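# give me a model of this one.
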Amino acid sequence: MRGVLVFLLLSASSVAVAQPAAARTQHPIDPTEQVEREPGDDPDIEERDVPNYDGREDRPVSVGDVLIWIPRIVMFPVYLVTEFLLRRPLGFLVTNAEEAEVPDKVVQFFTFGPSNNIALAPTFSFDFGFRPTVGAFFRYNDLGSEGHNLRAGFSIARRDLLSGSVAYRWAPKNGNWEMQLSGSATKRPDGLFFGLGSQASESLRSRYDWVSYDANLRVTGSLWRQSSISMSLGYRNQTYGDDAIGNTTVNSLVENGLLDELPPGFEDGVSAIIQRTRLTIDTRPSRPAPGTGARVVGEYTFGFDANDPESQMWLNYGGTAAAFFDISGFQHVIGVHVSAAVAEALQGDVPFLELPFLSTNGPMRGFVGRFLSGESEFSVLVDYHWPVWNWLDGTLHVAMGNVYDGKFEDFSLENMRLSFGIGLAGVAQRDHFFEFLVGFGTDTFENRPDVESIRILFGGTREF
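Residues are numbered from 1 along each chain as shown. Down below sits the predicted model:
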């Protein structure tokens, strides 16, 4: 042991003696000093290239690598909106709300009954171009016995806008079908008219008031996965007039020569029996399963005047084919939809509110009201849905299409419009559907696709 200590001391002293005196003086050893060296500080040490551990050469830049920057640049504004105006703020609110158990407290506040089967909640709706409304929604499940459900709701704005609906629904627990008997009444002074078919234009924007009474019996059967068949028979009575908000009314367009004649059914109103059948084949399983699949929808409507069937009779028919791709497997779904519809007058004319339309809740939702309504329609829609909350999806849509006179008269690419928008939509909300939307609609390509319609929607819509 003593020999080892002597060896260490001798080694240390020899190192110290070997260093020049100047070096020992200029670089005193300071145990508290930490010296950091960067590669390249010492010119005698050459930097080493990173070894190619996997033995493969770098992949050359492909055409796809270059082209992918085009959609990245084009979609960058959309990314900013969805990331910083939707996802992050909502994520913050949702996280804190769930930690504070806000959703459970809200549900408990508006529900009651022996098994929380009764609910009463306030509602509101703001759709730019129409009067905002407030109201209430009422739900009573298992009324009297299991499977018997009641729905009711109303909306009001001032004293000249009233709307209410009620529905009784019977859905046997172990059955694959349900029956619904419903009725509604509406009085509104803010109807919007933009012309029909090829003449539809912002320059014809006008108002009308309308009063409507509806009664309907519908039977729906569930088929494979989300496939279904629905058949309904109903009565509709509607009257129209000039007791509307704004200075420009539909009648004033005719008086000033801006419109050749009043829309079909406007002057005398509508009193009709209407029968509808809708068949949906949808290969997608219900959520939360991945949303990849396909859907085909076929529908027809047969209507006639309730007082004189031989004077007015019409037939509407059309359908939609769609494909869906869940790019993540967790409901990040891109959908491609192609739709077309035709209205044929068998006797008389087709009432203007019974014509096919693309705007409002149709595929071209950037157009306000029934901006796009005509005797035929065609559209191609690409949309993207992604989950924001367990009951809320983000939505993005771009659509191209138009409405036409007759059976697709003047159908061409130059005679099509664009619709695009971004927003939020409720998930699996059947009776009262919540949505937020900012959308835009353009003129036709041949007239330069300038924005012709701006739509801002926020609130709920009854769907019974």
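# how many residues are close by G175?
11 (other Cβ atoms under 10 Å). The way it works is simple: take the backbone N, C-alpha and C, and place the C-beta from them, glycine included.
# ditto for the one 4 residues further on
As a burial measure, M179 scores 13 neighbours (other Cβ under 10 Å).
# what does F325 give?
For F325, using other Cβ under 10 Å, the count is 14.
# that one: what secondary structure?
What DSSP: H, G, I helix; E, B strand; the rest coil gives for F325 is strand.
# in three-state terms, label the residue nearest to it when sequence neighbours are not counted for me.
Excluding the flanking residues, the one nearest F325 by Cβ to Cβ, 6 or more residues apart in numbering is I334, at 4.9 Å. Three-state assignment for I334 (three-state DSSP): strand.
# bridge partners for I334, pull those for me.
Note on I334: beta-bridge partners by DSSP bridges are F325, Y384.
# what do you get for R169?
R169 has these beta-bridge partners by DSSP bridges: N149, Q180.
# isn't it up against A152?
No - contact between R169 and A152 fails when scored by Cβ atoms under 8 Å: they sit 11.5 Å apart.
# what about stretch 382-393, distance to the chain center?
Remark: stretch 382-393 is offset 8 Å from the chain centroid, using Cα atoms, centre = their mean, to the nearest Å.
# number of residues surrounding the residue nearest to F325?
By other Cβ under 10 Å, neighbour count at I334 equals 17.
# also P449?
Residues near P449, counting by other Cβ under 10 Å, number 15.
# cool, N251 as well?
N251: 18 surrounding residues under other Cβ under 10 Å.
# and it, helix, strand or coil?
What three-state DSSP gives for N251 is helix.
# do L381 as well
Classification of L381 using three-state DSSP returns strand.
# how many neighbours does D405 have?
Look at D405: counted by other Cβ under 10 Å, it has 14 neighbours.
# does it touch E375 like I think?
Yes - counting by Cβ under 8 Å, D405 touches E375, with 5.8 Å between them.
# any shared contact partners between those two?
L196, G197 (Cβ atoms under 8 Å, 6 or more residues apart in numbering).
# before we move on, the earlier item: between R169 and A152, which contacts overlap?
With Cβ under 8 Å, 6+ apart as the test, R169 and A152 reach no residue in common.
# quick check: phi and psi at F110.
Backbone torsions of F110, given as degrees, to the nearest 10, read phi -100, psi 0.
# does the closest residue to it other than its chain neighbours have any beta-bridge partners, and if so which?
Excluding the flanking residues, the one nearest F110 by Cβ to Cβ, 6+ apart is A121, at 4.4 Å. Here A121 sits in beta bridges with F137, as judged by DSSP bridges.
# from H432, how far off is A121?
Going from A121 to H432 by Cβ to Cβ, to the nearest Å gives 8 Å.
# identify the contacts common to those two.
Both A121 and H432 are contacted by F137, under the criterion Cβ under 8 Å, 6+ apart.
# how close does the residue nearest to F325 get to N251?
Where N251 is concerned, I334 sits at a distance of 45 Å (Cβ to Cβ).
# try S62
Shown here: S62 relative to N251, a distance of 63 Å by Cβ to Cβ.
# check contacts around the residue lying closest to R462 once chain neighbours are set aside.
Closest residue to R462 apart from its sequence neighbours, by Cβ to Cβ, 6+ apart: G153 at 4.9 Å. Residues near G153 by Cβ under 8 Å, 6+ apart: T123, G135, A136, F137, F138, G164, S165, V166, H432, R462, F464.
# do that again at 10 Å, thanks
Contacts for G153 were tallied using Cβ atoms under 10 Å, 6 or more residues apart in numbering; they are 121, 123, 135-139, 163-167, 184, 431-432, 460, 462-464.
# and those residues, which of them are in strands?
Mapping the contacts of G153 onto strands (DSSP state E) picks out 121, 123, 135-139, 163-167, 184, 432, 460, 462.
# from those residues, which two are the most distant?
For the ones in strands among the contacts of G153, the farthest-apart pair by Cβ to Cβ is A121 and S184; their separation is 19.0 Å.
# I figured A152 hits T123, correct?
No - using Cβ atoms under 10 Å, A152 makes no contact with T123, being 11.6 Å away.
# now do the shared contacts for the two.
Common neighbours of A152 and T123, using Cβ under 10 Å, 6+ apart, are A136, F137, R462.
# name whatever forms a beta bridge with the last one.
In this case it means R462. H432.
# how many neighbours does it have?
21.
# again, but for G144
Around G144 there are 8 other residues, counting by other Cβ under 10 Å.
# G291 now?
G291 is flanked by 22 other residues according to other Cβ under 10 Å.
# what's the closest of the shared contacts of A152 and T123 to I229?
When those are compared against I229 (criterion: Cβ to Cβ), the nearest one is R462, at 23.3 Å.
# what sits against S419?
Listed by Cβ under 10 Å, 6+ apart, the contact set of S419 reads 358-359, 362-367, 371-372, 379, 381, 397-401, 439-442, 453, 455.
# pretty sure G293 sits against A322.
Yes - between G293 and A322 there is a contact at 9.1 Å, judged by Cβ under 10 Å.
# give me the common contacts of the two.
Between them, G293 and A322 share these contacting residues under Cβ under 10 Å, 6+ apart: D282, G335.
# beta partners of D282?
Residues in a beta bridge with D282, per DSSP bridges, are R295.
# helices of this structure, residue ranges please.
2-18, 21-26, 63-67, 69-74, 76-80, 88-99, 102-110, 250-255 (DSSP state H).
# how many neighbours does W389 have?
Around W389 there are 17 residues (other Cβ under 10 Å).
# in a markdown table, list the shared contacts of A152 and T123 along with pLDDT and distance to F193.
Putting those into a markdown table (pLDDT from 0 to 100; distance: Cβ to Cβ, whole Å) gives the following:
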| residue | pLDDT | distance to F193 |
| --- | --- | --- |
| A136 | 96 | 30 |
| F137 | 94 | 29 |
| R462 | 78 | 23 |
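# who does S232 bridge with?
Beta-bridge partners of S232, as defined by DSSP bridges: R218, R276.
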